[in-house]
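A.B. asks: The amino acid sequence is not available; the structure is as follows:
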């Protein structure tokens, strides 16, 4: 009986490092080889517990030019040559290091992203932080920090391997130790000093010109350009949407009073106005006393009906959509907005009265 | 000169009479209950319990936490000897008024997030008569908690404290080369159960104003608000404001602490602009180099904080702001509801959306039936075995924006 290698690895390289050729082979479609090639041979020699079972080689022009097609071809090659559910299933995919090479970087990162989604296979690449692929893929793909050029090959290989082992064994990444490109995910930890002590130290540094590091870098704010105004209000179909937590009494969809995980869709076709018997506020961020006395104060169905009778606008969408804005993350709110927006567009709604609290 | 005399206890128990001997505090439960019931006829029932560090106890729907204190009659506010029980609190809890009460776990993973897992807590579960409005309910519970903390302090704080800390006047000149630093201290004043109290009066009017920090350490501010548990500044936090304490410690050594600008967090944009302008006007007379900005709450108050940062930057004053984050359970969302490019020095006190699984506790104090309506919990929060799945948001003081905790947050 032979000892099995503890780590089976799929390796991905561009045409140059994969030994197909130089710029003349940059348009080569992806192909697959048994065993290691190029840097993968070096990896296996340095770390005998690594067994590179397959090497995928792609032309970097080809993959950067039509990434979706090329990645689909890579996935097909892998599917046809590897049993991802079998006893010999691979543990990890490594791609690169791509250093500062932009097209190569895109190829490595796009393949990593695709195999982790398609096969659930841990995947790691490495490149220089200024590689253009970093900005596009860092949040979804684990990217080790590599030097600008091939002089940093050995270090890059070691780094990918160390990160890969962490992924395989589900070990937490440590920003100050693991030399990878941060992935935009906020994680709590206990600092040594209290927030008040840290704040004063930071202020004294800031005033005296000593270096300091903010603990939260301001995001670039997502500004949504307003839609063009309605041409003819009298023909327009209007919908009501609220983040003020107005729901049918009893909260049938169990929308949370803070950090809402979903929104509710409620028919108002036969509702003349909201009544305190029929509707309530479940929003946890404001005193609901006055909204509960008259829910129209937050979702103004009563006035909208009057305006409809006066033919100020064309028609009212027969459903309203409600969620709770309190502590709901911006990312979640964006998802709700997209989802509700698509439904409204599909139903021919031209304008929305959006109420918050 | 204000002197804070601190006394620590090593045991809290019930007994036949009030006493504080050998660092053992004995509470005479019936006398306290009678006193509280007699002073407010709106109280329907009051259950008094103890929650001590390390005990398997969970306190639900906590409204406020107060440090018991005592001051001799006739001594002016901000001066004289204020005696406090350093590691004792009065915790008020009861049926939900505004969805934003919180929890305290005395053991398990939840205990590492709240300062009150380390204190000896006298827990008052307060029920009120049916006819009360939400505002009256809130007022009754708030005033009962304060009365209990004062009663407790008066009953036992009659001997010399374990330790005295002196807070001298800021007036004598210090090294003129030290940076002049002020603290801008916003109180949640949004109305509708989101109020703070200055000398017992709603702080919504009369702010911003300059205030001597000695007054603040002498209990000038009390909490009456129902903002989420994690970043609600409880009365205990106001009594022990860590920024003020740290500024005093460094005064004359690393910096020149010139005082506190107490300000508000109103709802309307025009009020926010007016308040920020007033803060800047007062600050203009103080010749500042730097300002520490704290916060209470999130979302709407983000706008107040960002506005102040921007205006201070315009006048050339350096700022550091303390804020918590709402980055989503996965940590991938933008953390704040408002931003400004000038906010280049922010201390993060944690992502309040992080989810925790808190192990079951043997004793539950407070109304369990209300738990799943708490901000930070969700309908499936309460598991059959008694464990709780909640957001950090639901734990009292977990992401305190006065910087009381060591919790922080970083990008990974």
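C.D. replies: The structure has been received and is ready for your questions. Because the structure is a prediction, the values reported are computed rather than measured.
A.B. asks: alpha carbons only for contacts and neighbour counts from here, please
C.D. replies: OK.
A.B. asks: For chain B, which segments are assigned as helices?
C.D. replies: For chain B, the helices defined by DSSP state H cover B:29-39, B:134-156, B:213-217, B:235-239, B:242-250, B:269-284, B:300-314.
A.B. asks: anything in the last one sitting right up against chain A?
C.D. replies: Spelled out, that is helix B:300-314. No: Helix B:300-314 is not in contact with chain A by CA under 8 Å from any CA of the partner chain; minimum separation 9.7 Å.
A.B. asks: in that helix, what counts as buried?
C.D. replies: Residues of helix B:300-314 classed as buried: B:300-312 (neighbour count, 16 or more other CA atoms under 10 Å in any protein chain shown).
A.B. asks: what's the burial count for residue A:266?
C.D. replies: Residue A:266: 13 surrounding residues under other CA atoms under 10 Å in any protein chain shown.
A.B. asks: got any ranges where the chain has weak pLDDT?
C.D. replies: Picking chain A for this. Applying pLDDT under 70 to chain A picks out residues A:1-5, A:222.
A.B. asks: you looked at the wrong chain, it should be chain B
C.D. replies: Along chain B, segments meeting pLDDT under 70 span B:98-99.
A.B. asks: Domain-wise, how is it divided?
C.D. replies: B:2-163+B:355-393, B:170-352 (automatic domain parsing).
A.B. asks: and the end-to-end length of the shortest one?
C.D. replies: Taking CA to CA, to the nearest Å, the first and last residues of domain B:170-352 lie 36 Å apart.
A.B. asks: ditto for the longest one
C.D. replies: Start and end residues of domain B:2-163+B:355-393 are separated by 35 Å (CA to CA).
A.B. asks: So what's the gap between it and the chain middle?
C.D. replies: Relative to its parent chain, domain B:2-163+B:355-393 has a centroid offset of 13 Å by CA atoms, centre = their mean, to the nearest Å.
A.B. asks: Ok, stretch B:312-326 next?
C.D. replies: The chain centroid and the centroid of stretch B:312-326 are separated by 21 Å under CA atoms, centre = their mean.
A.B. asks: buried set for that stretch?
C.D. replies: Residues of stretch B:312-326 classed as buried: B:312, B:317, B:318, B:319, B:320, B:321, B:322, B:323, B:324, B:325, B:326 (neighbour count, 16+ other CA under 10 Å).
A.B. asks: go on, stretch A:293-313?
C.D. replies: Using 16+ other CA under 10 Å as the test for burial, stretch A:293-313 gives A:294-302, A:304-305, A:308, A:313.
A.B. asks: Check whether it comes close enough to chain B to count as a contact.
C.D. replies: No: applying CA under 8 Å from any CA, one finds stretch A:293-313 out of contact with chain B, separated by at least 12.3 Å.
A.B. asks: And the contacts of that stretch?
C.D. replies: The contact list for stretch A:293-313 (CA atoms under 8 Å, 6 or more residues apart in numbering or on different chains) reads A:233-238, A:240-242, A:244, A:246, A:272-276, A:279-281, A:290-291, A:314-316, A:355-357.
A.B. asks: Can you check the distance spanned by that stretch, start to finish?
C.D. replies: End to end - CA to CA - stretch A:293-313 spans 28 Å.
A.B. asks: now do stretch A:13-23
C.D. replies: End-to-end for stretch A:13-23, by CA to CA: 14 Å.
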